[in-house]
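K.L.:
no sequence for this one, just the structure:
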């Protein structure tokens, strides 16, 4: 999250409004009952919230990049990853049900959905 000093002091109302908005967004994401993740343009994970980490049984650091695939059930890991890479490559929505195999051998069924977020310059 940004600090107040990072904003132009000539526009204090805008700066504080942006800080408040970022703080609210951060609070919503961290307290969401859904597992949330963000990726870069190549599909590498750059963020997971706490709920996602609990569901997948991975820490934030373990999930980064392609680390999230370590939680996939080995019987379907390559197919899930291939489908993910195809969705990323052509920019289509990803919607996949798959199993997570946790360290304690518990199997959890999840539905992962993702869609590219593009700014107006990228459209």
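P.N.:
Received the coordinates, thanks. If you're wondering where the values come from, they're calculated on a predicted model, not measured in any experiment. Numbering: from 1, shown residues only.

K.L.:
after the helix or strand containing residue 84, which helix or strand is next? Please name it.
P.N.:
Element membership of residue 84 [criterion: DSSP states H and E] is helix 77-90. As assigned by DSSP H and E, the chain's next helix or strand after helix 77-90 is strand 94-101.

K.L.:
what bits of this protein have low per-residue confidence?
P.N.:
Within the chain, the stretches with pLDDT under 70 are 1-12, 119-123.

K.L.:
how does it divide into domains?
P.N.:
As given by automatic domain parsing, the domain ranges for the chain are 1-31, 34-123.

K.L.:
switch these over to JSON lines; also include mean neighbour count.
P.N.:
Every C-beta, even on glycine, is put in place using the N, C-alpha and C of the backbone. Below are the domains of the chain laid out as JSON lines (neighbours: other Cβ atoms under 10 Å):
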{"stretch": "domain 1-31", "mean neighbour count": "11"}
{"stretch": "domain 34-123", "mean neighbour count": "14"}
